[in-house]
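> Below: sequence and its predicted model.
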Amino acid sequence: MNKIFQYLKDVRTELSKITWPKKEEVIKLTLIVFIFSALVAFYVGGLDLIFTNVLGKIISR
């Protein structure tokens, strides 16, 4: 039981050493991730649409 309390104490000590990002930085990086994800989704969706149409025309011949 003593090991568990020591572990939790060590965890708390390590968490206090973390430099947490500022709110503005979190918002900025979150927007970058959303924009990048949307761009990748449109790119992959566009490729899927193109390949679906091309393969559909090849198969229907």
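Noted; the coordinates are in hand. Only a predicted model underlies this, so the values are computations on that prediction, with no experimental measurement involved. Numbers count the residues shown, from 1 in each chain.
> quick one: residue 43 and residue 37, what's the gap?
11 Å (Cβ to Cβ, to the nearest Å). Bear in mind the C-beta positions are built from the backbone N, C-alpha and C, glycine included.
> and if you look at residue 58?
Applying Cβ to Cβ to residue 58 and residue 37 gives a distance of 31 Å.
> now do residue 47
When residue 47 is compared with residue 37 (using Cβ to Cβ), they lie 16 Å apart.
> For the chain, which segments count as helices?
Along the chain, the segments classed as helices by DSSP state H run 2-16, 23-59.
> any low-confidence regions in the chain?
Nowhere does the chain drop to pLDDT under 70.
> Now do stretch 29-40: everything it contacts.
Stretch 29-40 has contacts (Cβ atoms under 8 Å, 6 or more residues apart in numbering) with residue 21.
> same deal with stretch 4-24?
residue 29.
> Same list (the helices of the chain) but as CSV, adding mean neighbour count.
Listed next are the helices of the chain as CSV, based on neighbours: other Cβ atoms under 10 Å:
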stretch, mean neighbour count
helix 2-16, 9
helix 23-59, 10
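> and stretch 37-46, C-alpha only, in CSV?
Provided in CSV are the C-alpha atoms of stretch 37-46 (Å, rounded to 0.1, in the frame of the first residue of the first chain):
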residue,chain,number,x,y,z
SER,A,37,-7.8,17.6,-41.2
ALA,A,38,-10.4,19.3,-43.4
LEU,A,39,-7.9,19.7,-46.2
VAL,A,40,-6.9,16.1,-46.0
ALA,A,41,-10.5,15.0,-45.9
PHE,A,42,-11.4,17.0,-49.0
TYR,A,43,-8.3,15.7,-50.8
VAL,A,44,-9.0,12.1,-50.0
GLY,A,45,-12.7,12.6,-50.8
GLY,A,46,-11.8,14.1,-54.1
